Each structure stands twice: as structure tokens, then as C-alpha cells.
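Student: Build the 3D model from these lines:
(one chain, ligands or ions: 1)
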Amino acid sequence: MAPERTTQTLVVLGAQWGDEGKGKIVDLLTDRADVVVRFQGGHNAGHTLVVKGEKTVLHLLPSGILHAGVECVIGNGVVLSMADLLKEIHELEAKGVELRGRVRISSACPLILPSHIALDQARESTLRGGDKIGTTGRGIGPAYEDKVGRRAIHLGLTRDEAKFSARLEELFDYHNFLLANYYRVATVELAKARDELLKQAGELRPMIADTVEILHGHRRAGRRILFEGAQGALLDIDHGTYPFVTSSNTTSGGAATGSGFGPLYLDRVLGVAKAYATRVGEGPFPTELFDATGEHMAKAGNEFGSTTGRGRRCGWFDAAAVRLATQINSISGLCLTKLDVLDGMESLKVCVGYRDAPSNSPAVESYGRLRPLYEELPGWRESTRGVRSVEALPANARAYIAFIEETVGAPVEIISTSPDREDTIVLRPPFG
Ligand code: IMP
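Tutor: Residues are numbered from 1 along each chain as shown. Prediction:
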């Protein structure tokens, strides 16, 4: 048998609607990585890490930041709020985390401006009930619109104050026109914003870099690189439940475009999925539960957004949706999180397809109308919280995992049994 290709580069991404517990997994895998890269999204993400009982929530910095010596790269695909990045940096420094020389930010990151946030919030407030997206209100959508509209201001431009100021004035003219005349809300003051942005850019300047060059240097040197996805596959702008999606490519292709690392250099893709399903914000969710079981999942799983504090909707594991995620991301292995939340349930349902649907995969346009087809499996009474070996899991929990592997079509390689870094079962080491 030919020897298996070794893993030097690994993409870790959400296989559902975000909040799958990627932060913990990336943090755990960072033990084995030299570099961690964020490649899309912005500070709409909230990656919660719990290390020895202490909780840290990261929004923009890659989750490798708590490991001394690991380089953290923010790639060109990320839309950057300099104010929020600095806030995060200052908070970590106050906790004693050494960041100097470890954070590199692409000069090509489009900036999120205060006017993008105003536009995001104005738009959401004018949308009617069922049309609301339920965005995080962080300016993500409008910032990506400007990127695609070729109007965005890149971080690197802040190094030329005159050019930056001229472009900012132009863009503010446009944004303020929309705010005043279309949305009929307050405009954003240019002079104040410019001064603040230039001050922030000055502080970030030593971190601004040509990250494409840096990443390929690491690749040639044989260093291990981990690409950390934000949100989840079903929130992808192309493949998610459009229009109830985020504005970036959350899928593995985004790791290549959002960092300048060609797809053939990506060795493996780890898809992170909760042992059930959640969604925050609006949009279709075929397996959503509106009963005591859903309430139990929300309570046991502490399902509140780490960025917005909003309660998350809960439901059964949708294997058909995760199967789709497996295909569009070329997921080579799964990481199943929050298994312990299902402890003590009499029986468990798994969605294996959809009633009256043309195919077993959730086609984007019909997602809202899908009615799940369930298989029911017996639950387990024992606690799986903190279990660290597969042999110590109840037989029914092992059968549940095997059923998911078979239905989704990907092996489960990591199982997480509590928020703590140590409470993890690694069946196949992701690197090496
Ligand atoms: P936006 O990314 O703020 O534009 O929000 C678009 C949709 O993506 C909304 O439904 C948000 O709730 C959802 N969303 C954005 N970021 C996250 C995340 O990190 N986790 C889960 N959902 C998210």
C-alpha cells in the first residue's frame, strides 16, 4: 500500500451554521501547528476557548494566539475592524499574553469602517419580519459589498495618509448619501472617523505584512499551517441558505482565496459539527425543535451567541446537511463536539434526507421548505462529560457516532466531551 501523504497544512471549518466549537479544536490542534491563519469573515465570529477553566472569546485573532511561539496570520479574505482588533489585542496583553512579533495582518484586508456598521444596522432595521437576516450588526455585509464593488479601502492604504484620506472621503460621501437619503438615519462624521482610523492604523502598522509571501515561506520551510474557518458551511455566501447567510466563502475554497495559498497546498479538511444542530439569527433550519427537547439542548449546551449573546435555535443533527458540507468542502474527517449535551435523552433523531425533495441534499433554493426524514436511535443514560477515550463512551453513544459517520460519509476523527481543551478524544491526529 502506498504511504499516506503527510499533513502539513490543515483547514478546520464549521460543517453546520457556525458555533460548532471550532475555537476549542483549533486551540487544541495549535499544539502541533506553527502558524494559524484566519481567511474570511471578521469580528462577527466568536471563538470561545477554555483553558484550565479560564474562558477567552476571540473574534478576530486566530485561536492559536494563546500558544506562545505560534504565528497568527489574518489573511486578505478577512474584513478588518481595526478598532475591534486593537481591543482584542489590548485585552490579551492585559492578561499577560505575549503578542509582539506573532501577529501578521495582510495589507490587502478590506477595512470595516464605522459607516459600514451604520449601514448594516440601518438595513436590518428596515427589513420586515421574515426578511430580516439577523446579522451580527458588525458591518460585515456592507464591507464585503464594497470589496466586490471595488470601492473598499485596504489596510495597506493607511500607510499613505493623503491617499487614504481622499479615498475615505469619497466612500463616506457614498455611505452617508445612503444613510441619509435611503435609510433616513443619522450619518457618520468623516473627520472624527478619519482621525480614529489613522490612529488605529498607526498602532497596527508593525503588524501589516505581505502575508502571501510569509505563508509560502512557511510552507517551503516545512512548517505546519492551520487555516481556521469562521461561521459555518451552511452560512457560505454561495452554498449556504441564501439570503440567510454571511457575506464570505466560509467553505474550504475560501481558505485558498482568502490567504493566497493555492488549493493543492491544502492537505486535509477537518469539518467541525455539533452532535446536534444550532443556528443563530434567522433562516431555514429543517430540524429545529420548538419543544422541551430543544429547550433542554439550549440549556445543557449553554446555547447563547458568544458575539451577540443571542439565544441559539436548537434541533436534531442534520446528517443530510452535513453530508452536503462534506462534499462542498472536501471534508476528510469530522470532529464531533458537545456530545455530552445529549446525555440522558431517551432517544435521538438524525435527519437522513428530506421528504418529497428531489435529492437527499438540501438544494439551496428549496431549503426553507424541506421536511426532514428521521431515523431514531436509542440514547444513553451515562454521562459522557469529560470522557477521554472512545472505549469509555457508552455503547449507544458509539453507535450514534458510527451512524453519523455512515450517513455523512466521513470518519469521525475527534470527539469533544466538554469545553475544556483536555476533554477530547483524538482518534486520528490531524497533523503528521
Ligand atoms: P453577518 O455575518 O453579521 O452578516 O450575519 C449573517 C448571518 O450569519 C446571521 O444569521 C448571523 O447570525 C450569522 N453569523 C455570523 N457570524 C456568525 C458566527 O460566528 N456564528 C454563527 N452565526 C454567525
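Student: Low-confidence regions, the stretch 251-400 of the chain specifically.
Tutor: 358-366, 368 (pLDDT under 70).
Student: what about the helices in it?
Tutor: 253-257, 292-300, 319-329, 395-408 (DSSP state H, counting those that start in this stretch).
Student: Can you name every helix or strand that the longest one contacts?
Tutor: Translated: helix 395-408. Packed against helix 395-408 by the contact rule (3 or more C-beta pairs under 8 Å, 6 or more residues apart in numbering; DSSP states H and E) you find helix 319-329, strand 333-337, strand 347-355, strand 371-378, strand 412-416. Where C-beta positions appear, they are placed from N, C-alpha and C, glycine not excepted.
Student: returning to that earlier point: adding distance to the ligand and mean neighbour count, write the helices of the stretch 251-400 of the chain out as CSV.
Tutor: Listed next are those as CSV, based on distance: least, C-beta to the nearest ligand atom, whole Å; neighbours: other C-beta atoms under 10 Å:
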stretch, distance to the ligand, mean neighbour count
helix 253-257, 13, 22
helix 292-300, 15, 16
helix 319-329, 14, 24
helix 395-408, 20, 18
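Student: what about these, which gets the closest to V341?
Tutor: Between V341 and the helices of the stretch 251-400 of the chain, the shortest gap by C-beta to C-beta is with helix 292-300, which sits at 4.6 Å.
Student: quick one: contacts of the closest one?
Tutor: For helix 292-300, contacts defined as C-beta atoms under 8 Å, 6 or more residues apart in numbering pick out 276, 278, 288-289, 303, 311-315, 340-341, 343, 345.
Student: first to last residue in stretch 299-315, what's the distance?
Tutor: 13 Å (C-alpha to C-alpha, to the nearest Å).
Student: Renumber starting at 763 from here on
Tutor: Noted, 763 is the first residue going forward, which turns the last one into stretch 1061-1077.
Student: Just give me how far that stretch sits from the chain centre.
Tutor: 15 Å (C-alpha atoms, centre = their mean, to the nearest Å).
Student: Need the contacts of helix 1054-1062 in CSV (columns: neighbour count and distance to C1113).
Tutor: What follows is the contacts of helix 1054-1062, written out as CSV (neighbours: other C-beta atoms under 10 Å; distance: C-beta to C-beta, whole Å):
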residue, neighbour count, distance to C1113
Y1038, 28, 11
T1040, 26, 14
E1050, 16, 11
L1051, 19, 12
E1065, 23, 19
G1073, 12, 22
R1074, 19, 18
R1075, 21, 15
C1076, 26, 14
G1077, 21, 9
D1102, 22, 21
V1103, 24, 17
D1105, 17, 21
M1107, 17, 16
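Student: Go through these and flag which are in strands.
Tutor: 1040, 1075-1077 (DSSP state E).
Student: Residue numbers of this protein in contact with the ligand?
Tutor: 780-781, 806-808, 895-898, 900, 902-903, 992-993, 997, 1006, 1008-1009, 1042-1043 (C-beta under 6 Å from any ligand atom).
Student: Could you find the closest non-adjacent residue to the residue in the stretch 1013-1162 of the chain that the ligand sits nearest to?
Tutor: Residue nearest to the ligand within the stretch 1013-1162 of the chain (C-beta to the nearest ligand atom): G1043, separated by 2.4 Å. For G1043, ignoring the flanking residues on the chain, the nearest one in space by C-beta to C-beta, 6 or more residues apart in numbering is G896 at 3.0 Å.
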